[in-house]
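S.K.: sequence unknown, structure follows:
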């Protein structure tokens, strides 16, 4: 029936592209949220084989799970809570310290990353505290508007980060995310942290990673004017050919695609007609060749198209 294909080859190719476009010393990989929903473990194992030595996750639980598969450095964006320190140490996880409360509980001899807020106003220190006694292995910040190259927020954050970086001259620095790599080399510093671009979610030279297909399970020749689906919002006319595919908003297909989304069968574009239901979508297949208008013909919902 429905089939979701995730290409580790494409993820690897995207990593190599990002690494080549980055002028700093090291390109890490963000694999939080189960590798953006695509499978943290197989992705990290593959990228580790390709030479990636730094991985970022959101939570300690993700870090513990990832540690079962790789021996590389694992950084935890949310930092460590007091009752988590033993597990951080036992699994060799490195917290991203975001505030003074996290800093105070972290053992001074254990490695940590310091996160400074340069304009995101989400996580990070707002000022320079007494941190010299700690084993700081990286300082970082996060760009808020890197996907908008002309936004003045980018240069503002860069200026703020330079001021912070001056206080840590010997420590590796990380500012850019996926879009940050393509802003300008002046944002690169030492370590990049690409996430969404690894998985094809970037409008530059990234390869498509995810392909979602579903079979046609019903076909109806329209012989008289009639409406389709909930709300009777779409009216079809005699001669229309309507097909149904077995997935919908329960599978994450956004209802905002009602009446305006497109799917494909090969090179043939097939419009979504009627409302997207929980587990069914109706499509108009008038422009599909007659020999392909059959049950079982596979339709691409996500993919190269």
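M.R.: Cool, got the structure. These figures come from a predicted structure and were not determined experimentally.

S.K.: Straight-line length of stretch 81-89, end to end?
M.R.: Stretch 81-89 has an end-to-end distance of 12 Å (C-alpha to C-alpha, to the nearest Å).

S.K.: Any buried residues in it, and which?
M.R.: 84, 85, 88 (16 or more other C-beta atoms under 10 Å). For glycine as for every other residue, the C-beta is placed from the backbone atoms N, C-alpha and C.

S.K.: Generate CSV for these, with pLDDT, distance to residue 11 and secondary structure as supplementary columns.
M.R.: What follows is the buried residues of stretch 81-89, written out as CSV (pLDDT from 0 to 100; distance: C-beta to C-beta, whole Å; DSSP: H, G, I helix; E, B strand; the rest coil):
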residue, pLDDT, distance to residue 11, secondary structure
84, 97, 29, helix
85, 97, 33, helix
88, 98, 27, helix
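
S.K.: Quick check: pLDDT value at residue 203.
M.R.: Residue 203 is assigned a pLDDT of 67 by the prediction.

S.K.: Ok, residue 234 next?
M.R.: On the pLDDT scale, residue 234 gets 93.

S.K.: Then residue 123?
M.R.: 96.

S.K.: if we look at stretch 90-97, which residues are touching it?
M.R.: The contact list for stretch 90-97, computed with C-beta atoms under 8 Å, 6 or more residues apart in numbering, reads 56, 60, 63-64, 67, 73-80, 87-88, 102-103, 106, 111-115, 123, 137, 140.

S.K.: switch the cut-off to 7 Å
M.R.: Residues outside stretch 90-97 that contact it (C-beta atoms under 7 Å, 6 or more residues apart in numbering): 60, 63-64, 67, 73-77, 79-80, 88, 102-103, 106, 111-115, 137, 140.

S.K.: would you turn the buried residues of stretch 81-89 into CSV with distance to residue 47?
M.R.: Formatted as CSV, those follow (distance: C-beta to C-beta, whole Å):
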residue, distance to residue 47
84, 25
85, 28
88, 22
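
S.K.: what residues go with each domain of this protein?
M.R.: 8-199, 210-302 (automatic domain parsing).

S.K.: got the contact list for the residue sitting nearest the centre point of the chain?
M.R.: The residue lying closest to the centre of the chain (C-alpha atoms, centre = their mean) is residue 196, at 3.2 Å. Counting by C-beta under 7 Å, 6+ apart, residue 196 makes contact with 36, 178, 202.

S.K.: got a winner among those for most neighbours?
M.R.: Greatest neighbour count in the contacts of residue 196, by other C-beta atoms under 10 Å, goes to residue 178: 24 neighbours.

S.K.: Report the contact partners of that residue.
M.R.: Residues near residue 178 by C-beta under 7 Å, 6+ apart: 194, 195, 196, 197, 202.

S.K.: What's the separation between the nearest residue to it once chain neighbours are set aside and residue 60?
M.R.: Nearest non-adjacent residue to residue 178, counting by C-beta to C-beta, 6 or more residues apart in numbering: residue 197, 3.6 Å away. According to C-beta to C-beta, to the nearest Å, residue 197 stands 25 Å off from residue 60.

S.K.: do the same with residue 103
M.R.: To residue 60, residue 103 is 17 Å away according to C-beta to C-beta.

S.K.: okay but residue 214 is in contact with residue 301, surely?
M.R.: Yes: using C-beta atoms under 7 Å, residue 214 is in contact with residue 301, at 6.3 Å.

S.K.: more crowded one of these two?
M.R.: Legend: neighbour count by other C-beta under 10 Å for residue 214 and residue 301, higher for residue 301 (25 against 22).

S.K.: now the helix or strand harbouring the more buried one, how far from the centre of its chain.
M.R.: Per DSSP states H and E, residue 301 falls inside strand 298-302. A distance of 21 Å separates the centroid of the chain from that of strand 298-302, by C-alpha atoms, centre = their mean, to the nearest Å.

S.K.: quick one: buried residues of that strand?
M.R.: In strand 298-302, counting by 16+ other C-beta under 10 Å, buried: 299, 300, 301, 302.
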